[in-house]
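> predicted structure and sequence below. I'll ask about it afterward.
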Amino acid sequence: MNPPETPPERLSERELFTELVDLLDEPDDPEGYTEARFRARRAALLAEVGDRLETLEAVKSLLEPVEPASDGVTEIEMESDREP
């Protein structure tokens with residue numbers, strides 16, 4: 001019997017990490033998973049963790065304060081302004 005699989009993007013953070021830790025803790029006995037499904041599920045969970053971390057880093061960078069320039073004016077450096 002195969003365990004029900006909720007798509008990783010629909011799992012809460014707690015569910016995502018719990019399932020991932022369970023799969024990583026028991027690599028020899030993947031409870032109802034074939035080896036290929038076990039590897040695919042583990043890869044899907046890891047990919048979702050990576051996606052969520054990227055999103056978190058993007059939001060974090062948007063929330064970081066911008067340093068004021070020496071003349072007191074807030075300056076945002078554009079990528080096109082940088083020298084090669």
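Yep, that arrived. None of these values were measured; they are calculated from a predicted model. Residues are numbered from 1 along each chain as shown.
> buried stuff in the lengthiest helix in the chain?
Criterion DSSP state H: the longest helix present in the chain is helix 35-63. Residues of helix 35-63 classed as buried by neighbour count (16 or more other C-beta atoms under 10 Å): 38, 41-42, 45, 48. Yep, even glycine has a C-beta here, placed from its N, CA and C like the rest.
> ok, which pair from those is furthest apart?
38 and 48 (16.1 Å; C-beta to C-beta).
> related to what we said a few turns ago, closest one of the buried residues of helix 35-63 to residue 7?
Nearest to residue 7 among those, with distances taken as C-beta to C-beta, is residue 48, at 8.6 Å.
> count the neighbours of the nearest residue to the closest one once chain neighbours are set aside for me.
Nearest non-adjacent residue to residue 48, counting by C-beta to C-beta, 6 or more residues apart in numbering: residue 8, 3.6 Å away. Residue 8 has 20 neighbours, counted by other C-beta atoms under 10 Å.
> report pLDDT for residue 8.
The model reports residue 8 with a pLDDT of 93.
> what do you get for the one 3 residues further on?
Residue 11 is assigned a predicted lDDT (pLDDT) of 94.
> how close does it get to residue 5?
10 Å (C-beta to C-beta, to the nearest Å).
> what of residue 16?
From residue 16 to residue 5 the distance is 12 Å (C-beta to C-beta).
> over to residue 49?
Taking C-beta to C-beta, one finds residue 49 at 16 Å from residue 5.
> cheers, nothing more for now.
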